[in-house]
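A.B. asks: attaching a predicted model along with its sequence, questions to come.
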Amino acid sequence: MDLAGLVYGLGWPLLVAAQNGFHEVAFAVPLTLLMFEGAMARRYWQVLLAGVMLCCTKEDLGLVVGAYGAVLFWRSRHSSDRSGIRTGLALFLGGPAATVVAIHWLIPAMGGQPGYYWNYDALGPNAGAAFVNVVSNPLCLFEAAFSTPLKPLLILWLLGTTFLLPICSATAWCTLPLVAERILSSNPNHWSVAHHYDAFLWPILVTAALEAVGSLSARERSARTARWLGLAAAAVSLAAALPFGLSSLADPNSWRPGASEAALIRASSHIPDGASVEADNLIVPRLTARTDVVLVDETPRGRDYVLIRTNERSFPFATDREQVDRARLLLAHGYEAIWSDDGVLVLHRVSSEPIPGEHVPGQNSSPVQDIVPSDVGHSLFHG
């Protein structure tokens with residue numbers, strides 16, 4: 001178990017997620033493990049509590065909760081565990097229901113749009129149309145899932161780095177909703193392992209692999225095989241983590257922010273409390289508590305301060321050239337630079353001169369869809 005903990009903690013999905021800024025996956029990972037641990041110990045109140053908290057963490061995690069409910073129901077039915085059967089049924093019904101409620105009511109109530117994250121153009125323009133298309137032509141699922149070599153490669157990588165052990169455990173079914181979301185997606189960002197998406201899968205894959213090893217160990221004739229399979233899986237997993245940051249953990253420089261990230265932090269100190277700001281994607285979370293901040297993008301918003309990078313591409317811009325052009329536009333129309341270092345600029349609006357293309361969203365405005373850069377979607381390891 002010590003080796004399993006080491007493999008889990010140093011897993012490449014967690015290393016990648018740690019390099020991509022804070023995300024709700026930081027809550028999803030331990031909550032998923034708590035749900036599994038509660039079921040193994042038959043502490044079903046813990047299972048329900050963790051399941052409810054997962055549903056509150058991210059809108060699609062209700063599907064994972066529902067999938068685990070099916071697994072728990074099936075396992076409890078074979079062991080005549082009535083409490084497990086009831087808990088599994090509650091998760092199976094409640095998880096997907098929570099996802100529907102979040103997407104159709106809660107997100108719009110907070111200013112979002114129900115279909116903003118719909119990225120399944122090959123299936124249809126919306127969920128209703130996609131359902132009709134899939135029922136009438138199930139092959140469209142396979143066409144969407146294999147529309148690019150990166151999609152099957154993603155599945156092979158996820159299973160290969162755990163030595164295929166998860167497929168021997170029913171818990172692996174919990175990965176199905178999250179993997180399906182990605183391989184059916186038309187957004188190339190979802191096909192890569194360079195983002196945080198795999199961290200949601202990691203506790204499921206590791207738990208399933210451990211269950212597979214444990215099941216083999218319980219059979220007297222297979223105990224030695226299970227031991228060697230576990231060691232092989234650990235070796236493969238740790239080897240896969242090396243290029244994702246494991247090899248640099250012993251280097252003190254890897255624990256320090258890069259020049260651009262450090263400059264963003266210094267730049268934020270030049271923005272006063274209560275100011276209206278457009279800011280770079282990475283620094284926005286640090287400003288939410290004390291300023292009125294929105295994400296800086298291609299459309300000028302006319303705010304008092306703009307914090308932007310010019311030497312490194314930042315979401316939602318497609319290229320760093322677009323960021324340079326945005327800064328130049330503002331400097332030519334009523335803004336001045338009050339701070340600059342390592343490609344980071346802080347601009348202050350000093351006049352009410354109109355800015356070409358300026359648009360301030362109103363009550364019924366629609367969020368702008370980001371454009372995926374042209375170099376994304378060509379490599380499994382590049383995002």
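C.D. replies: It's in.
A.B. asks: all strands of the stretch 151-300 of the chain, in order?
C.D. replies: Listed in chain order, the strands found in the stretch 151-300 of the chain under DSSP state E, counting those that start in this stretch are 276-279, 292-295.
A.B. asks: any idea which of these is most buried?
C.D. replies: Per-residue neighbour counts averaged over each of the strands of the stretch 151-300 of the chain give the maximum for strand 276-279, namely a mean of 22 (mean count of other Cβ atoms under 10 Å). For the C-beta atoms, the positions are set from N, CA and C on the backbone; glycine is no exception.
A.B. asks: which residues touch it?
C.D. replies: The set of residues external to strand 276-279 that reach it, using Cβ atoms under 8 Å, 6 or more residues apart in numbering, is 268, 271, 287, 291-297, 300-301, 303-308.
A.B. asks: give me the number of residues near the spatially closest residue to Gly274 that is not a sequence neighbour?
C.D. replies: Leaving aside its sequence neighbours, Gly274 sits nearest to Thr291 (Cβ to Cβ, 6 or more residues apart in numbering; 6.6 Å). For Thr291, the neighbour count with other Cβ atoms under 10 Å is 22.
A.B. asks: and Thr291, what pLDDT?
C.D. replies: The predicted local confidence for Thr291 comes out at a pLDDT of 98.
A.B. asks: enumerate every residue touching it.
C.D. replies: Counting by Cβ under 8 Å, 6+ apart, Thr291 touches 271, 273-277.
A.B. asks: distance to Trp45 and pLDDT for these - can I get that in TSV?
C.D. replies: As requested, the contacts of Thr291 are arranged in TSV below (distance: Cβ to Cβ, whole Å; pLDDT from 0 to 100):
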residue	distance to Trp45	pLDDT
Ile271	46	97
Asp273	43	98
Gly274	44	97
Ala275	46	98
Ser276	46	97
Val277	44	98
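A.B. asks: can you say which two of those are spatially most distant?
C.D. replies: Greatest spatial distance in those: Asp273 and Ser276, 11.6 Å, computed using Cβ to Cβ.
A.B. asks: quick one: low-confidence ranges for the stretch 151-300 of the chain?
C.D. replies: Low-confidence segments of the stretch 151-300 of the chain, defined by pLDDT under 70, are located at 220.
A.B. asks: can you list the domains in the protein?
C.D. replies: Per automatic domain parsing, the structural domains of the chain span 2-117+148-252, 259-349.
A.B. asks: and the ones you listed: which comes nearest Ala127?
C.D. replies: By Cβ to Cβ (comparing all of the domains of the chain), the closest turns out to be domain 2-117+148-252, at 7.8 Å.
A.B. asks: now the end-to-end length of the closest one.
C.D. replies: End-to-end span of domain 2-117+148-252 (Cα to Cα, to the nearest Å): 25 Å.
A.B. asks: for Asn364, find the nearest of the domains of the chain.
C.D. replies: Among the domains of the chain, if distance is taken as Cβ to Cβ, the winner is domain 2-117+148-252, at 10.8 Å.
A.B. asks: and the closest one, how far out from the chain's middle?
C.D. replies: Mean-position distance between domain 2-117+148-252 and its chain equals 12 Å (Cα atoms, centre = their mean, to the nearest Å).
A.B. asks: can you check stretch 251-261 too?
C.D. replies: With Cα atoms, centre = their mean as the basis, stretch 251-261 stands 23 Å off its chain's centre.
A.B. asks: about what we covered before: okay if I get the strands of the stretch 151-300 of the chain as TSV plus distance to Tyr335?
C.D. replies: Formatted as TSV, those follow (distance: least, Cβ to Cβ, whole Å):
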stretch	distance to Tyr335
strand 276-279	11
strand 292-295	16
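A.B. asks: just give the nearest non-adjacent residue to Ser222, would you?
C.D. replies: Sequence neighbours aside, Leu216 is the residue nearest to Ser222 in space, at 4.4 Å (criterion: Cβ to Cβ, 6+ apart).
A.B. asks: was I right to think that neighbour contacts Arg224?
C.D. replies: No. When contacts are counted by Cβ atoms under 8 Å, Leu216 is not listed as touching Arg224 (9.5 Å).
A.B. asks: tell me the spacing between the residue nearest to Leu176 when sequence neighbours are not counted and Ala180.
C.D. replies: Counting by Cβ to Cβ, 6+ apart, Leu176 lies nearest to Ala67, which is 6.1 Å off, once chain neighbours are set aside. Applying Cβ to Cβ, to the nearest Å, one obtains 10 Å for the distance of Ala67 from Ala180.
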